[in-house]
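show me how the following folds:
(one chain, ligands or ions: 2)
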Amino acid sequence: MEFQIAVIPGDGIGPEIVTEAMKILDKVGEVYGHTFTYKKLLMGGASIDAYGVPLTEETLEAAKNSDSVLLGAVGGNVGTSRWYQGPPETRPEAGLLGIRKGLELFANIRPAWLYRELADACPLKTEIVGEKGFDMVIMRELTGGLYFGERHTTVENGVRKAVDTLVYDENEIRRIAVKAFEIAAKRSGKVTSVDKANVLDSSRLWRAVVDETAREYPGIQVEHMLVDNAAMQLVMDPGQFDVVLTENMFGDILSDEASEITGSIGMLPSASLGKTKLGLYEPSHGSAPDIAGKDIANPIATILSAAMMLRYSFDLDREADAVEAAVQQALTDGYRTGDIYSEGCRKVGTREMGSVIAGYIR
Ligand code: IPM
Ligand code: MG
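Numbers count the residues shown, from 1 in each chain. Ligands and ions are numbered 1, 2, ... in the order given. Predicted structure coming up:
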C-alpha cells in the first residue's frame, strides 16, 4: 500500500530523531511491500525563522491532506531563544497547539510501560515496581480545558492580573471517554478517570459524563481518582493503572510523571487522534535544545510513535508489531543511548540506534 506522511522535524533534536523514524518506516516498506512518501513541513521555531509564524495555513492544509503526520519536537530554550520574545501566539509551542486544534486531534494516547531491560533506570524501588512492573496508557484530552480557554492579562490600579479559563462541554468529555473505554476493552479492561471533582465544576461534569459513558461498556471497570492522589499513586503503586483518562492539563503533568518512572522520557511515544484516521505521532518528550546536533538523543520514542502510526492510522498491526519487536531486540542485545545507558551495555548514538533497530525489522 502507499501512504503519504507529512513530516514535521521541528526544532532541537527533532530533525535527528525524525530521520531515524523514517529510516525505520523505509525498512518496514521494504520488508512488507509498502511505499511511504514524505512531505517535509516546518513548524515551531523552524517555521518562525522561515515564515515569521510558528504554523502557517499552508502547513496546516498540507498536514490535513496527508494520511498521517510524524512530528519530532518543537521549541527552544525559553530563557535564551529569540523565538520567545513576542506574545504567546507567536512562540513555537503555539504551532503545536494550533495543529492539534486545527486537525481536531482531541485524544492523546501516551503509553507508559517498563521494559525489563531498563528496570535499573526506573527511579522507583524494586519493592514498589514489583515483579510485574507496569503497563498503562494515559488518555489525555487534547483540544479543550485550560489550554484553549480564554485568557488575558490586565493591569488594574497598578496590579497585574492574569486569567485563564477551564471550560469543557459534555460532548468534549464524552468523545474522549469513549476512546478510553474502547482502548480499555482491548487491554485489561479498567479505566481510572482522574479529576479534581472535590473543587472544580468542570471535574464534576467530567465525572458524571464518564459514569454515563461507562454504562455503555458494562465489561469495563471504572474508578475515579482525584488528581493529587493520582500523582501520588503513580509513584507508590504504578502497577494498579491500566487506562488513565484525564483532561488536558492534568494529562500533561501526569504523563511526564508516568514517563519518568519508565526510566527515560526518551522511550515514550504518543499518538493524537480525532474522528478520522488522520493522526499526529510524536515522542512524549520535548526538543532538548541542549543536546541537539550531537547524535546522542534517544530516537526510540519517535520510532515507537511511528509504530503507533502504522497501527492506528494505517491499520498495519503486523508491521507495528515488527517495529516494537525490533526495539525490544535492540534493548535485549544491550544497545543503549546515553539516557538509558548502564554498565556493561553498548553505548550508541542516535543514528546507530536507528540503524540497529532497522536491521532487526523482520
Ligand atoms: C506536551 C508538551 C506540550 C503540552 C507543550 C510543549 C505545549 O508539554 O506535549 O506534553 O503541554 O501539551
Ligand atoms: Mg507535556
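
and D211, how far from P87?
Per CB to CB, to the nearest Å, D211 is found 40 Å from P87. C-betas here are computed from N, CA, C, even on glycine.

tell me which of these two has more neighbours.
Per other CB atoms under 10 Å, whichever of D211 and P87 has more neighbours is D211, with 13 against 8.

contacting residues for the more buried one?
V222 (CB atoms under 8 Å, 6 or more residues apart in numbering).

same thing but at 10 Å, please
Going by CB atoms under 10 Å, 6 or more residues apart in numbering, D211 touches 177, 193, 222, 224.

near ligand 1, from the residues you listed?
Among the contacts of D211, no residue is within reach of ligand 1 (CB under 6 Å from any ligand atom).

please flag which of those residues sit within strands.
Counting by DSSP state E, the part of these found in strands is 193, 222, 224.

now restrict those residues to buried residues only.
With neighbours counted by 16 or more other CB atoms under 10 Å, the ones in strands among the contacts of D211 contain buried members at 193, 222, 224.

work out for me the element I253 sits within.
For I253, the element it lies in under DSSP states H and E is helix 248-260.

give me the element the nearest residue to D317 once chain neighbours are set aside is part of.
Spatial nearest neighbour of D317, chain neighbours left out: R311 (5.7 Å); criterion: CB to CB, 6 or more residues apart in numbering. Assigning secondary structure by DSSP H and E places R311 in helix 300-312.

please identify the buried residues of the helix or strand just after that helix?
Going down the chain from helix 300-312, the next helix or strand is helix 317-332, by DSSP H and E. Under the neighbour-count criterion of 16+ other CB under 10 Å, helix 317-332 has 319-320, 322-324, 326-327, 329-331 buried.

which helices and strands does the very next helix or strand once past helix 317-332 pack with?
Once helix 317-332 ends, the next helix or strand along the chain (criterion: DSSP H and E) is strand 335-336. With contacts taken as 3 or more CB pairs under 10 Å, 6 or more residues apart in numbering; DSSP states H and E, strand 335-336 sits against helix 317-332, strand 346-347, helix 350-359.

just the closest residue of the stretch 251-362 of the chain to ligand 1, please.
As assessed by CB to the nearest ligand atom, ligand 1 sits closest to D252 within the stretch 251-362 of the chain, at 4.4 Å.

follow-up on the earlier one: ok, the residue nearest to D317 - contacts?
Counting by CB under 10 Å, 6+ apart, R311 has contacts 271, 279, 317-321, 323-324.

distance to ligand 1 for those residues - can I get that in a markdown table?
Output for the contacts of R311, formatted as a markdown table (distance: CB to the nearest ligand atom, whole Å):
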| residue | distance to ligand 1 |
| --- | --- |
| A271 | 12 |
| G279 | 14 |
| D317 | 26 |
| R318 | 29 |
| E319 | 26 |
| A320 | 22 |
| D321 | 26 |
| V323 | 22 |
| E324 | 22 |
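
distance check, the residue of the stretch 251-362 of the chain closest to ligand 1 against Y217.
According to CB to CB, D252 stands 26 Å off from Y217.

pLDDT below threshold where in the stretch 51-200 of the chain?
For the stretch 51-200 of the chain, applying pLDDT under 70 flags no range at all.

residue nearest the centroid of the protein?
With distances taken as CA atoms, centre = their mean, S270 lies nearest the centre of the chain, 3.0 Å away.

that one and R100 touch, don't they?
No - here S270 does not reach R100: they are 11.3 Å apart, not a contact under CB atoms under 10 Å.

need the overlap of contacts for these two.
108, 142, 280.

can you put these in TSV and add distance to L205?
Shown next, in TSV, are these (distance: CB to CB, whole Å):
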residue	distance to L205
N108	20
L142	18
L280	27
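
okay, the residues you listed in CSV with secondary structure and neighbour count next?
Listed next are these as CSV, based on DSSP: H, G, I helix; E, B strand; the rest coil; neighbours: other CB atoms under 10 Å:
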residue, secondary structure, neighbour count
N108, strand, 25
L142, coil, 27
L280, strand, 26
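
tell me the one of the residues you listed nearest K64?
Distance to K64 across these (CB to CB) is lowest for L280, with 11.0 Å.

is it true that the closest one touches S305?
Yes - in this structure L280 lies within contact range of S305 using CB under 10 Å: 9.2 Å.

now do the same contact list for the residue in the stretch 1-150 of the chain positioned nearest to ligand 1.
In the stretch 1-150 of the chain, no residue comes nearer to ligand 1 than E93, which is 4.1 Å away by CB to the nearest ligand atom. By CB under 10 Å, 6+ apart, the contact set of E93 is 44-45, 54, 74-75, 78, 83-84, 286.

that one: what secondary structure?
helix (DSSP: H, G, I helix; E, B strand; the rest coil).

around ligand 1, pick out the residues from the stretch 1-150 of the chain.
Residues of the stretch 1-150 of the chain lying near ligand 1 (CB under 6 Å from any ligand atom): 75, 93, 96.

can you list those in TSV and add distance to N157?
Listed next are these as TSV, based on distance: CB to CB, whole Å:
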residue	distance to N157
G75	35
E93	32
L96	36
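
so M136 sits in a helix?
No - judged by three-state DSSP, M136 forms no part of a helix; its state is strand.

R100 - nearest residue in space that isn't next to it in sequence?
The nearest residue in space to R100 (CB to CB, 6+ apart) is L142, at 5.4 Å.

just checking, the one you found touches N248?
Yes - counting by CB under 10 Å, L142 does reach N248; the two are 6.1 Å apart.

joint contacts of these two?
Common contacts of L142 and N248 (CB under 10 Å, 6+ apart): 100, 106, 108, 148, 176.

from these, which is closest to I138?
Among those, and counting by CB to CB, the member closest to I138 is N108, at 8.0 Å.

nice, that's everything, thank you.
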